[in-house]
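**Q** Quick one: sequence and predicted model below, then my questions.
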Amino acid sequence: MKYLALLLISSLFMGCEKSDDTPQNTPEAFYFPPNTGSTWETKSMASLGWNQSAVQPLKDYLADKHTKSFMILVNGRIVMEEYFNGHTAATTWPWNSAGKTLVATAMGIAEQEGLLNINNKVSQYLGTGWTSAALEKENLITSKHLLTMTSGLNDDKELVIKSNLTYLADAGTRWSYHNVFQKLMDVVAAASKQDFDLYFNSKLRNKIGMEGFWNVGTIFKIYHSTTRSMARFGLMALKNGKWKEEQILNETYFKESISTSQTINPSYGYLWWLNGKSKYMVPGGQTVYQGALVPNAPADMYAAMGAEDQRIYVIPSKNMVVIRMGYASDPANPNFALSGFDSALWDKINAVIK
């Protein structure tokens, strides 16, 4: 009897020990915030083992570099959320060219709905004569060329009007960062037979709880939103186009978006910037630089990048999304997308997360 009692006690003890260990060994479930309201779960830096003594230097750097807002999310939960210079969680801010990724997403949704095919020529949706190029050259340009910045159209003028869209090279033979991507909005509008904004709102914005709007800028339409709305899109991107139980954008298209889209600039997908590649090009030139886009950032990072250092960094290996909104880190050089700010910022981030 004594032996049986000891055996039972031992079994119970071992069972309790196993139960205690199980939660510690179970990966944390990914979190999506509710689509409405301000509720958003947080996670402490201490629980992640981060270096909290490096947080203040990061904040000081962000403030010094004219940042308005900054967020780090891990597994969907907010680890760091900071606002500077009067900016608040309710304030909207322009994404600038980081919003190109929203257009790429809308294109993918329209394609999965059977409304268009990105491999079809643009003139199939917009009609011929949407450029000033000869018809045989215009007909070479597909939506995919616009998604990958390889239209071959002249890039020396920012305003996208027919007279500025002149032939420079055959589509697919030259990579050049160009505002002509905005013609994709017209493609979606024509294919869906509704205004692009309405299609975008119903198929993407409203489904993930974003709060934002497209505003016509001096050159092209620019998306404005709160920092948390930008983070929502970042979370969907981290989950390969999925939001909660719904696959908003099919995974195949999304993975194409964040993969090298052509051989000229391997650091570019479908309007997404890609880290960890062997070489890259930057807006405004034809120079090819060797090495990764942001060498000190995780190699698997992909990013939405806009003028004045608007950023969504997505890092799958760390289940992390990083958001930065604000004025240009260097007011004398507002830039188009890439800047030296990325490397300097990642030095500060690495000091916290490593």
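**A** On my side now, so go ahead.

**Q** which of the residues in stretch 191-209 are buried?
**A** Across stretch 191-209, burial judged by 16 or more other C-beta atoms under 10 Å covers 191, 192, 196, 199, 200, 201, 203, 204, 205, 207, 208, 209. Where C-beta positions appear, they are placed from N, C-alpha and C, glycine not excepted.

**Q** hey, where'd the strands end up in the stretch 51-200 of the chain?
**A** 67-74, 77-83, 93-94 (DSSP state E, counting those that start in this stretch).

**Q** Could you dump the buried residues of stretch 191-209 into JSON lines with distance to residue 274 and pLDDT added?
**A** Shown next, in JSON lines, are the buried residues of stretch 191-209 (distance: C-beta to C-beta, whole Å; pLDDT from 0 to 100):
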{"residue": "191", "distance to residue 274": "27", "pLDDT": "98"}
{"residue": "192", "distance to residue 274": "28", "pLDDT": "98"}
{"residue": "196", "distance to residue 274": "26", "pLDDT": "97"}
{"residue": "199", "distance to residue 274": "27", "pLDDT": "98"}
{"residue": "200", "distance to residue 274": "24", "pLDDT": "98"}
{"residue": "201", "distance to residue 274": "28", "pLDDT": "98"}
{"residue": "203", "distance to residue 274": "25", "pLDDT": "98"}
{"residue": "204", "distance to residue 274": "22", "pLDDT": "98"}
{"residue": "205", "distance to residue 274": "25", "pLDDT": "98"}
{"residue": "207", "distance to residue 274": "26", "pLDDT": "98"}
{"residue": "208", "distance to residue 274": "23", "pLDDT": "98"}
{"residue": "209", "distance to residue 274": "27", "pLDDT": "98"}
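
**Q** ok, and the closest non-adjacent residue to residue 310?
**A** residue 98 (4.4 Å; C-beta to C-beta, 6 or more residues apart in numbering).

**Q** in the stretch 251-354 of the chain, which segments are predicted with low confidence?
**A** By pLDDT under 70, the low-scoring segments of the stretch 251-354 of the chain are 335-338.

**Q** Next, the contact list for the closest residue to residue 157 other than its chain neighbours, please.
**A** Closest residue in space to residue 157, ignoring its immediate chain neighbours: residue 164 at 4.2 Å, by C-beta to C-beta, 6+ apart. Contacts here follow C-beta atoms under 8 Å, 6 or more residues apart in numbering; on that basis residue 164 touches 132, 154, 157.

**Q** Quick one: residues contacting residue 268.
**A** Residues near residue 268 by C-beta under 8 Å, 6+ apart: 148, 149, 175, 260, 261, 262, 274, 280, 281.

**Q** Return the closest of those with respect to residue 119.
**A** residue 148 (11.6 Å; C-beta to C-beta).

**Q** Can you report how many residues neighbour the closest one?
**A** A count of neighbours around residue 148, defined by other C-beta atoms under 10 Å, yields 24.

**Q** Which residue is the nearest non-sequential neighbour of it?
**A** Residue 148 sits nearest to residue 261 (C-beta to C-beta, 6+ apart), 4.1 Å away.

**Q** Quick check on the contacts of residue 164: which are buried?
**A** When the contacts of residue 164 are checked for burial by 16+ other C-beta under 10 Å, the buried set is 132, 154.

**Q** Same list as before, the contacts of residue 164 that is, but in JSON lines and with pLDDT and distance to residue 296 included.
**A** Converted to JSON lines, those look like this (pLDDT from 0 to 100; distance: C-beta to C-beta, whole Å):
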{"residue": "132", "pLDDT": "98", "distance to residue 296": "43"}
{"residue": "154", "pLDDT": "95", "distance to residue 296": "35"}
{"residue": "157", "pLDDT": "89", "distance to residue 296": "35"}
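
**Q** if I look at residue 216, how far off is residue 110?
**A** Residue 216 is 21 Å from residue 110, where distance means C-beta to C-beta, to the nearest Å.

**Q** again, but for residue 209
**A** Distance from residue 209 to residue 110, by C-beta to C-beta: 21 Å.

**Q** go on, residue 258?
**A** 19 Å.

**Q** again, but for residue 193
**A** Using C-beta to C-beta, residue 193 is found at 11 Å from residue 110.

**Q** just the helices in the protein please.
**A** Taking DSSP state H to define them, one finds helices in the chain at 2-25, 45-48, 55-64, 100-112, 123-126, 135-138, 143-147, 183-192, 196-200, 206-208, 227-238, 251-257, 341-353.

**Q** Turn these into CSV, columns for distance to residue 329.
**A** Shown next, in CSV, are the helices of the chain (distance: least, C-beta to C-beta, whole Å):
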stretch, distance to residue 329
helix 2-25, 40
helix 45-48, 24
helix 55-64, 9
helix 100-112, 20
helix 123-126, 37
helix 135-138, 39
helix 143-147, 28
helix 183-192, 29
helix 196-200, 29
helix 206-208, 28
helix 227-238, 17
helix 251-257, 27
helix 341-353, 4
